[in-house]
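Peer 1: Quick one, structure for this:
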Amino acid sequence: MLVRPERLRSRRKRGSPALPVEIVDYIVAHMLLDKPVFSCIKSFSLASHQFRLVAFRQFFSLLWCFTKSQWLNYCRIPGVCTWARSLECTSTCVYARPADLTRFSNLRRIAVDFDAEGLGTHHDSSKLILSCLPPQLTQLELLHLPSVTTQLLSLIAVHCPGLKTLVLRCSDRLLPDCCWNCYDEAGSCTVHSPIPDHYCDAARLA
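Peer 2: A predicted model of the protein is given here:
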């Protein structure tokens, strides 16, 4: 059977039907659901250029960062600043280059662990981080805080105008599973909020 050359060219142009990008996104998200490590999608990312972009976008949509070197390495990856939607980090890891936070144009959520900070350092640390947050942020979580002060609340109001969810936690620093002395010592280094010592209720604080 003879096939005309123009028909062969026509078939090559049509090719096989491509999967919609939304379905490919869903597949990769499902692959990362139970075990979010790159080895789960490594082979998938090598299949084609489109699959690789989808794999990277899904994998880097949630970043965990606990050291300065991790932070610097993330910021060197082309495209990561547009792929990231959520960031979980320690307060100390972004000290190397805090201004890089402003480059994360699609970041919607950030959770910062202040466990390494004390009553004397957490204000400067929070000011450094909050002043560099992208304005489109909708969810902010500050964990292991040694204190919730009016200065901190004012900083959040100024630098995070689009927030819909705010979580401030001091109780993480307490040690209920340890002895009473440890629990008491941790409590003495933690100030829950300006209420009731400085303001009688939330309405007065506002």
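Peer 1: Can you give the domain ranges for this protein?
Peer 2: Taking automatic domain parsing as the reference, the chain has its domains at 18-59, 61-205.
Peer 1: Comparing these by mean pLDDT, which bottoms out?
Peer 2: Comparing mean pLDDT across the domains of the chain, the weakest is domain 18-59, with a mean of 65.
Peer 1: can you give me the strands for this structure?
Peer 2: Under the criterion DSSP state E, the chain contains strands at 62-65, 86-90, 109-113, 139-143, 165-168.
Peer 1: Just list the residues touching Ser131, thanks.
Peer 2: By CB atoms under 8 Å, 6 or more residues apart in numbering, the residues touching Ser131 are 155, 159. Backbone N, C-alpha and C define where each C-beta goes, glycine included.
Peer 1: and it, how far is that from Asp172?
Peer 2: Distance of Ser131 to Asp172, computed by CB to CB, to the nearest Å: 24 Å.
Peer 1: What of Pro161?
Peer 2: 26 Å.
Peer 1: can you check Phe60 too?
Peer 2: 27 Å.
Peer 1: out of the two, which sits in the busier spot?
Peer 2: Phe60 (18 against 12; other CB atoms under 10 Å).
Peer 1: wouldn't that one be in contact with Cys81 here?
Peer 2: No. The pair Phe60 / Cys81 is not scored as a contact, 9.4 Å apart, by CB atoms under 8 Å.
Peer 1: quick one: contacts for the residue lying closest to Thr102 once chain neighbours are set aside?
Peer 2: Excluding the flanking residues, the one nearest Thr102 by CB to CB, 6 or more residues apart in numbering is Cys132, at 5.5 Å. Under the criterion of CB under 8 Å, 6+ apart, the contact list for Cys132 reads 94, 98-102.
Peer 1: for Cys132, phi and psi?
Peer 2: Here is the backbone geometry of Cys132 (degrees, to the nearest 10): phi -110, psi 0.
Peer 1: how far away is Thr92 from His144?
Peer 2: 12 Å.
Peer 1: same deal with Gln136?
Peer 2: 25 Å.
Peer 1: Pretty sure Leu63 sits against Arg85.
Peer 2: No. Assessed by CB under 8 Å, Leu63 is found out of contact with Arg85, at 9.0 Å.
Peer 1: quick one, which of those two is more surrounded?
Peer 2: Per other CB under 10 Å, whichever of Leu63 and Arg85 has more neighbours is Leu63, with 20 against 15.
Peer 1: For that one, which non-adjacent residue is spatially closest?
Peer 2: Leu63 sits nearest to Leu87 (CB to CB, 6+ apart), 4.8 Å away.
Peer 1: Report the separation between that neighbour and Pro146.
Peer 2: 22 Å.
Peer 1: my guess is Ile156 meets Leu166, correct?
Peer 2: Yes. Under the criterion of CB under 8 Å, Ile156 makes contact with Leu166 at 6.8 Å.
Peer 1: hey, what's in contact with both of these two?
Peer 2: Counting by CB under 8 Å, 6+ apart, the residues touching both Ile156 and Leu166 are Leu140.
Peer 1: higher neighbour count, the two?
Peer 2: Between Ile156 and Leu166, Ile156 has the larger neighbour count (other CB under 10 Å), namely 18 against 13.
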